[in-house]
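Colleague: compute the structure for the input listed below.
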Amino acid sequence: MYGVQEVLGIEGGYKGFYARNTISLTPKIVNDIHKRGGTILGTSRGGHATSKIVDSIQDRGINQVYIIGGDGTQRGANVIHEEIRRRGLKVAVAGIPKTIDNDIAVIDKSFGFDSAVEEAQRAINAAHVEAESFENGVGLVKLMGRYSGYIAMYATLASRDVDCCLIPESPFYLEGEGGLYEFINGRIRENGHSVIVVAEGAGQELVADSMQSMDKHDASGNRLLLDVGLWLSQKLKGYFITERKQVINLKYIDPTYMIRAIPSNASDNVYCYLLAQSAVHGAMAGYTGFTVGPVNGKHAYIPISRITETQNRVKTSDRMWARLLSSTNQPSFLRHEEIMGAKGKEESTKMLKESDALVEKISSPARQGNAFAEKKVDSSPQENGLNGRKAELSQAENGVALKKAQGSLK
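Modeller: Down below sits the predicted model:
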């Protein structure tokens, strides 16, 4: 349509701009890549040397750059765009959102999310079959979601076999009233088994307290996560052995890289096609520094700087999380102190009401006595009025007697 003569592919992520040669992307090469998982260009973490990248773009005579990836990749794209603008180069920079975590802000969803949820559901189904097959069976599935629990939430809703879903946005605790131990024990007693889904970023503070520091980061600046799935499986086994004096048959499934490696499903194939078309049309129209994606169902061009300001996270006050709680019947995981504080307030309110009722009961007879006294006091003016009328009558009688006396004198 636009008469483009050459399309180059950059291998190995950002460092491929200056550390590796480009490959030519012809229609024959890319014809069936949508049927395969992974990436034909390869990927990496880190390697974002902005000056070297822009030097490479300038030296190679590239005038349009399409950068595909998640929130970290989009932040890198924004830095490249700013450097290109500072140098005054005529190069369009377009971002294409691709992350299964669905943590890119503003847009409705990112490419890869639907496929990830579909595959995650299969892992949950396997965990449910295993848990149901054993006495006191527990199936524990760890899904991707560093900061956002969207995969865990949607896979749980799609599965309907999950008893508890743990995500980074909703803190939880293990011990005490309303804790995870108590809930899972109740489900095992009720159903004979239980299925738990945990996002990889959930409960990191709890894991760090019992294992090691959580201050390490990878080459892209992301915090290195501790294995919450392995930690939780050990904690659950230990609790049931020491506290409940029973053994649970726990099956731990981590399908992380199986999910990453699958080909995209039909929904994501169509979505990817629309994203690609939108990006090309935008760059050809003269736009730059934008990311494409649907906003409220309509495909739009969004400034890259806008979508990198924050991350898309599950809002636990929204209706979708409420639907999940309704589906699993799991506790809200308010902390023990909060529960006790709420109970203390309820007890204080109850005591105040009882005190008010007692005061009302004690003061009621006194009020009735005062009302009776007031009636007596009110009746005295009436008696005074009667005495006054008697006095007036006697005065009138005296007046009649006086007139009779005057008549007799005459």
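Colleague: thought K15 was touching G42?
Modeller: No: under the criterion of Cβ atoms under 8 Å, K15 lies out of contact with G42, with a separation of 10.5 Å. The C-beta positions use only the backbone N, C-alpha and C, and glycine is treated the same way.
Colleague: higher neighbour count, those two?
Modeller: K15 (19 against 13; other Cβ atoms under 10 Å).
Colleague: next, count neighbours for G286.
Modeller: Using other Cβ under 10 Å as the criterion, G286 is surrounded by 8 other residues.
Colleague: sorry, slip of the keys, the one I care about is I40.
Modeller: By other Cβ under 10 Å, the residues close to I40 number 12.
Colleague: using the three-state scheme, assign it.
Modeller: Local secondary structure at I40 is given as coil here, using DSSP: H, G, I helix; E, B strand; the rest coil.
Colleague: once you drop chain neighbours, what's closest to it?
Modeller: Computed as Cβ to Cβ, 6 or more residues apart in numbering, the closest residue to I40 that is not its neighbour in sequence is I33, at 5.6 Å.
Colleague: state the distance from that neighbour to Y252.
Modeller: Plainly put, I33 is 33 Å away from Y252 if you go by Cβ to Cβ, to the nearest Å.
Colleague: neighbour count for these two, which is higher?
Modeller: Y252 (19 against 14).
Colleague: residues touching V4, list them.
Modeller: Applying Cβ atoms under 8 Å, 6 or more residues apart in numbering, one finds that V4 lies in contact with no residue.
Colleague: let's number from 38 now, not from 1
Modeller: Fine by me, first position is 38 from now on; the one you just mentioned is V41.
Colleague: and it, how far from T63?
Modeller: 11 Å.
Colleague: ditto for L273
Modeller: In terms of Cβ to Cβ, L273 sits 53 Å off from T63.
Colleague: so the two - more neighbours on which side?
Modeller: Higher neighbour count among L273 and T63: L273, with 22 against 10, using other Cβ under 10 Å.
Colleague: which secondary structure element is home to the more buried one?
Modeller: Secondary-structure element containing L273, defined by DSSP states H and E: helix 265-279.
Colleague: buried sites along that helix?
Modeller: When burial is assessed from 16 or more other Cβ atoms under 10 Å, helix 265-279 yields the following buried residues: 265-266, 268-270, 272-273, 276-277.
Colleague: excluding covalently adjacent residues, which one is nearest to G149?
Modeller: Closest residue to G149 in three dimensions, ignoring its sequence neighbours and counting by Cβ to Cβ, 6+ apart: I137, at 4.2 Å.
Colleague: got the phi and psi for the one you found?
Modeller: Recorded main-chain torsions at I137 are phi -70, psi -20, according to degrees, to the nearest 10.
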